[in-house]
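K.L.:
Just to be clear, the model below is a prediction. Sequence and coordinates:
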Amino acid sequence: MQIFTDARTLVIFLVTFTAIIAVHEFGHYITARLLGMRVLEFAFGFPPRIFAVRKGGIDYSVNAIPFGGFVRILGQDDFAIRQQGEGEPDSFTAKPWWMQAIVLVAGVVMNMVLALVVLTAAFAMGGPAPTGDVRVAEVKEGSPAETSGIRMGDLIRQVDGVKISDSQALVRYTRDHRGVEIALLVERNGRPLPLIRAVPRTDPPAGEGPLGIVLVDVTAPVSGGLPASFGNAWALTLDIVQQIAALPGQLLAARQGPGDTAPEIGGPIEILRVTGQVSQFGVAALLRLVGVLSINLAILNIIPFPALDGGRLLFVLIGGIFKKRLSPQVEGLVHAVGFVLLLGLIVLVSIADIRRLIGG
């Protein structure tokens, strides 16, 4: 039974991740064709190739490594010193810089569209949605929160007059106001309490935050028409984007003192584990996971790092500004180095995933 469960989880993971990447690559594919670029291949998985069907001069291939996929466009080869099709009118590099930029950004746009579609479907099916309430799930002993009178089950409504509607907003606020007294408006058993004042710690114990509380975003089953479901999907998408945008600051803040805990970053193995857990809760929960993963992939890809779409876009924009493309040798070398660094990062994150799984 365990083997069946693991195999089922692996299949769901591979299908889910390949679908997300296929949608991303379709964005590159369709915009390249619409803008007159020659597409050479649309591939599912990575080589070695199992089979391919050629139609309209394009190879639609299925490959042996069933993880993700790619699109090959004439004149777009990050690692080649001399681009195939260089100088041909339907190659990627022969088109104006703004057309190249559209093709590069299209994958990210498609991932955001996918996220909104699947999240809307999940909410329409009755998936849980945030209510805007932030509840205290745990109060650490001896913490500023305990000293000031905050109790488990309390709802945090405001901090220094600012409305709190998600837990991450309060986490960021207390991190930014360590050592400074803050005023919290707290509700207990449906009644507001007098303002509670506390000073977030500058050097909290390991595993605790400045206030010493664990927060949860209250959710409730929501099912309704498409407009309401789309509104919930849009709100959740913005919240995820804000959390990802705040991640670099949290990682840097975690290095300022021994008491700050860095947020955990998961790799493929962690995503596989979460997929197995989420798939047990039905289609709506799995769709929510697909939406979250699609948003993460979109934001990751737009980062201006070599070998990512954002890195390629940066080179295109530089070429458009200065009216001259940078040396293909230099660009190819930069992308190759970036690709190696990305592989190294994936390995490191995967090692961390394994250590978490075995309790190391």
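P.N.:
Arrived safely, thanks for sending.
K.L.:
just the helices in the stretch 51-200 of the chain please.
P.N.:
Using DSSP state H, counting those that start in this stretch, the helices found in the stretch 51-200 of the chain span residues 97-124, 144-148, 167-176.
K.L.:
Single out the most deeply packed of these.
P.N.:
helix 97-124 (a mean of 21; mean count of other CB atoms under 10 Å). Placement of C-beta: from N, CA and C, glycine included.
K.L.:
tell me the average confidence for that helix?
P.N.:
This predicted structure assigns helix 97-124 an average pLDDT of 94.
K.L.:
now stretch 282-290, how far from the chain's geometric center?
P.N.:
16 Å (CA atoms, centre = their mean, to the nearest Å).
K.L.:
And the contacts of it?
P.N.:
Contact with stretch 282-290 is made by 12, 16, 19-20, 114-115, 118-119, 121-122, 125-127, 274-275, 278-279, as judged by CB atoms under 8 Å, 6 or more residues apart in numbering.
K.L.:
Could I get the buried residue list for it?
P.N.:
284-290 (16 or more other CB atoms under 10 Å).
K.L.:
now do stretch 201-213
P.N.:
Those would be 201, 204, 208-213, for stretch 201-213 by 16+ other CB under 10 Å.
K.L.:
May I see the buried residues of the helix or strand residue 11 falls within?
P.N.:
Element membership for residue 11 (DSSP states H and E) is helix 2-34. Burial within helix 2-34, assessed by neighbour count using 16+ other CB under 10 Å, is assigned to 9, 12-14, 16-29, 31-32.
K.L.:
Please work out the average pLDDT along it.
P.N.:
84.
K.L.:
Which strands and helices lie in contact with that helix?
P.N.:
strand 39-55, strand 58-73, helix 97-124, helix 268-279, helix 283-302 (3 or more CB pairs under 8 Å, 6 or more residues apart in numbering; DSSP states H and E).
K.L.:
any idea of the angle that helix forms with helix 283-302?
P.N.:
50 degrees (axes from the mean of the first three to the mean of the last three CA atoms, to 10 degrees).
K.L.:
a markdown table for the buried residues of stretch 201-213, including pLDDT and secondary structure?
P.N.:
Formatted as a markdown table, the buried residues of stretch 201-213 follow (pLDDT from 0 to 100; DSSP: H, G, I helix; E, B strand; the rest coil):
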| residue | pLDDT | secondary structure |
| --- | --- | --- |
| 201 | 92 | coil |
| 204 | 87 | coil |
| 208 | 86 | coil |
| 209 | 86 | coil |
| 210 | 91 | coil |
| 211 | 91 | coil |
| 212 | 91 | coil |
| 213 | 91 | strand |
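K.L.:
just curious, which of the residues you listed is nearest to residue 36?
P.N.:
If you rank the buried residues of stretch 201-213 by distance to residue 36 using CB to CB, residue 209 comes first, at 53.7 Å.
K.L.:
Spit out the contact partners of that closest one.
P.N.:
171, 174-175, 200, 261.
K.L.:
Could you tell me how many residues sit around residue 49?
P.N.:
Other residues lying near residue 49 total 14 when counted by other CB atoms under 10 Å.
K.L.:
wait, doesn't it sit right on residue 65?
P.N.:
No - the pair residue 49 / residue 65 is not scored as a contact, 10.3 Å apart, by CB atoms under 8 Å.
K.L.:
Check the contacts of residue 209 and tell me the two furthest apart.
P.N.:
For the contacts of residue 209, the farthest-apart pair by CB to CB is 200 and 261; their separation is 14.1 Å.
K.L.:
So, low pLDDT: which residues of the protein?
P.N.:
Confidence mapping of the chain against pLDDT under 70 gives the ranges 1-5, 77-87, 127-129, 222-224, 249-268, 353, 356-360.
K.L.:
Now with 50, please.
P.N.:
1-4, 81, 258-259, 360 (pLDDT under 50).
K.L.:
So for the residue positioned nearest the centre of it, what's the nearest residue that isn't a sequence neighbour?
P.N.:
Among the residues of the chain, the one closest to the centroid is residue 296, at 1.4 Å (CA atoms, centre = their mean). Leaving aside its sequence neighbours, residue 296 sits nearest to residue 244 (CB to CB, 6 or more residues apart in numbering; 6.7 Å).
K.L.:
I'm done for today, thanks for sticking with me.
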